[in-house]
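**Student:** Need coordinates for the following:
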Amino acid sequence: MTDILMPALSPTMEEGVLAKWHVKVGDVVSAGDVIAEIETDKATMEVEAVDEGEITDILVAEGTEGVKVNTPIARLKDEGGAAAPKPAEKPAAKTEEAPKAEAAPATAEAPKTTTPAAPAPAAPKSDSGDRIFSSPLARRIAAQNGVDLKSIKGTGPHGRIVKRDVEAAGKGSTQPATASSASPATTAAEPRKAQSLAQMGIPDGSYDLIPLDGMKKAVARRMVDSVQNVPHFPLFIDCEIDQLMAVRAKVNKMLEPQGIKVSVNDFVIKAAALALKMVPEANASYTPEGIAMHHNADVSMAVAIDGGLITPIIKKAETKGLAQIATESKDLAKRARDRKLKPEEFQGGTFSVSNLGMFGIKQFTSIINEPQGCIISVGAGEQRAVVKNGQVVPATVMTVTLTCDHRVVDGAIGARFLQAFKPLIEDPVAMLA
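**Tutor:** Predicted coordinates:
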């Protein structure tokens, strides 16, 4: 008998939602068969069997939240082996707790129950008879709160309706939940309170409290850890980008028949990668055992998605042309927003690029994406007066900020990186080779 454990789908994953089972008791599976879907703070991913045998027990019900990594979720009788005696009582599945405000350690939790989560209602159908794709947890919350799934547009993979969609719909729903099914711990439409705000004199009813989802909690935790643990400092530099804009226009005209469009951010990624190869000391990470000097420039790019931020990676960016970087960045950004990225596509990276210039932000300083040693922040290009040969002339200028981990990249190394980066941005013909 083999326990199937809740997998760690990323290095930082601590728990997840068992969204769906693809097998039932009595099914025989082979290594590589998809047996379940797990929702993490970043994505919904399929879990494959690693052994062959018969499913003898499902220990965690569909829709169960907060399932800790390495918790047994099912049991498998090895092929040809005898089934072990079943325990008198199965481990109870953890049911959903009332969300807590992150800044309020005193906020009370809903009482935990030891009964397994109730089965989710069957997948409903639209008026035309087509199946409405929704997660088991979303169906359960919708049934408890009288929310009609036909009226909800899903934001999950392939338009699937997930928990947050039902909760958002519940806030504006006029259909009251039935007394028999609604409970304080699971009623999505019920107003929630933050004790921390009450302690600061902000009265109940003067705000709406949006519970923190897994992504928000993960981003908050990582950013707090980075600010507290990393001694970081910023370096600023202005880059003239008139030539870059002219080269970009020519490149895009040539690539138009292929349907490829290169952005300013693609030029920044390429320039950063080449500069990292010129100044390899900047392409490094701090570890307690020593400084890790990375062989390749794996450039993470910050992408805003519903509920948070994710950093898909252009791997070995120094080896790729602008057209390839543009194609990959567009694909990664789209799949990031659809939550279809694989862990290896957003975990890791040696350097990050964050671009708020597209929103008109002139200058900003980013928080380092640990364990990387640097992150570059790209502001908006704007017309400014500059002095050339004693004359004041107009130029399109973009302010770039390099935030460095001083344990790895000191001021001199950071300055040398920017000295390598600036000429590549200002005269990008060198990047076309």
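**Student:** Where does the prediction get shaky in the stretch 1-150 of the chain?
**Tutor:** Applying pLDDT under 70 to the stretch 1-150 of the chain flags the ranges 11-12, 41-42, 78-131, 135-136.
**Student:** All the helices of it, residue numbers only.
**Tutor:** 136-145 (DSSP state H, counting those that start in this stretch).
**Student:** if you skip the residues just before and after it, what's nearest to residue 213?
**Tutor:** residue 307 (5.6 Å; CB to CB, 6 or more residues apart in numbering). Any C-beta I mention is one placed from the backbone N, CA and C, and that applies to glycine too.
**Student:** Tell me if I'm right that that neighbour and residue 215 touch.
**Tutor:** Yes. In this structure residue 307 lies within contact range of residue 215 using CB atoms under 8 Å: 4.8 Å.
**Student:** who are the neighbours in contact with the residue nearest to residue 213?
**Tutor:** 164, 213, 215-216 (CB atoms under 8 Å, 6 or more residues apart in numbering).
**Student:** how about a cut-off of 10 Å?
**Tutor:** With contact taken as CB atoms under 10 Å, 6 or more residues apart in numbering, residue 307 is in contact with 41-42, 155, 164, 210, 212-216, 219, 339.
**Student:** Counting only strands, which of these make the cut?
**Tutor:** Among these, the subset assigned to strands under DSSP state E is empty.
**Student:** mind listing what the spatially closest residue to residue 50 that is not a sequence neighbour touches?
**Tutor:** Here the nearest residue to residue 50 in space, its sequence neighbours aside, is residue 31; by CB to CB, 6+ apart that works out to 5.8 Å. Residue 31 makes contacts with 48-53, as judged by CB under 10 Å, 6+ apart.
**Student:** Return the members of those classed as buried.
**Tutor:** 49, 52-53 (16 or more other CB atoms under 10 Å).
**Student:** for these, which one is nearest residue 71?
**Tutor:** The closest of the buried ones among the contacts of residue 31 to residue 71 turns out to be residue 49 (CB to CB; 17.0 Å).
**Student:** The closest one contacts residue 7, doesn't it?
**Tutor:** No. Between residue 49 and residue 7 there is no contact under CB atoms under 10 Å: 11.1 Å.
**Student:** any shared contact partners between those two?
**Tutor:** By CB under 10 Å, 6+ apart, the residues touching both residue 49 and residue 7 are residue 36.
**Student:** Of the contacts of residue 307 - the most surrounded one?
**Tutor:** residue 42 (24 neighbours; other CB atoms under 10 Å).
**Student:** wait, residue 413 sits on residue 291?
**Tutor:** No. Between residue 413 and residue 291 there is no contact under CB under 10 Å: 11.1 Å.
**Student:** Specify the beta-bridge partners of the residue nearest to residue 215 when sequence neighbours are not counted.
**Tutor:** With CB to CB, 6+ apart as the criterion, residue 215 has its nearest non-adjacent residue at 3.8 Å, and that residue is residue 308. Residue 308 forms beta bridges with residue 305, as assigned by DSSP bridges.
**Student:** Quick one: the helices in the stretch 251-400 of the chain, in order.
**Tutor:** 264-278, 322-337, 343-346.
**Student:** Which elements pack onto the shortest one?
**Tutor:** For helix 343-346, the packing partners by 3 or more CB pairs under 10 Å, 6 or more residues apart in numbering; DSSP states H and E come out as strand 313-314, helix 322-337.
**Student:** export it as PDB, just CAs?
**Tutor:** Output of helix 343-346 as PDB, limited to C-alpha atoms (Å, rounded to 0.1, in the frame of the first residue of the first chain):
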ATOM      1  CA  PRO A 343       6.400  26.100 -12.000                       C
ATOM      2  CA  GLU A 344       9.700  26.000 -13.800                       C
ATOM      3  CA  GLU A 345       8.500  28.900 -16.000                       C
ATOM      4  CA  PHE A 346       8.200  31.400 -13.100                       C
END
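**Student:** If we ignore the residues flanking it in sequence, what's nearest residue 282?
**Tutor:** Going by CB to CB, 6+ apart, residue 282 has residue 417 as its nearest residue, at 4.2 Å.
**Student:** what sits against the residue nearest to residue 215?
**Tutor:** So residue 308 contacts 41-42, 213-220 (CB under 10 Å, 6+ apart).
**Student:** what do you get for residue 327?
**Tutor:** Per CB under 10 Å, 6+ apart, neighbours of residue 327: 255, 258-262, 266, 320-321.
**Student:** Apply 7 Å and report the result again.
**Tutor:** For residue 327, the contact set (CB atoms under 7 Å, 6 or more residues apart in numbering) comprises residue 260.
**Student:** picking that back up, report the two of the contacts of residue 308 separated the most.
**Tutor:** Farthest apart among the contacts of residue 308 - using CB to CB - are 42 and 220, which lie 14.1 Å from each other.
**Student:** Surely residue 401 and residue 367 touch.
**Tutor:** No. Residue 401 is not in contact with residue 367 according to CB atoms under 7 Å; the separation is 11.7 Å.
**Student:** For stretch 150-160, list the C-alpha coordinates in CSV.
**Tutor:** The C-alpha coordinates for stretch 150-160 follow below in CSV (Å, rounded to 0.1, in the frame of the first residue of the first chain):
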residue,chain,number,x,y,z
LYS,A,150,-25.0,30.9,-15.3
SER,A,151,-24.6,34.6,-14.5
ILE,A,152,-20.9,34.4,-13.7
LYS,A,153,-18.0,34.8,-16.1
GLY,A,154,-15.1,32.6,-15.0
THR,A,155,-11.5,33.9,-14.6
GLY,A,156,-9.9,30.5,-14.1
PRO,A,157,-8.1,28.4,-16.8
HIS,A,158,-10.1,28.1,-20.0
GLY,A,159,-12.8,30.4,-18.5
ARG,A,160,-13.4,28.0,-15.6
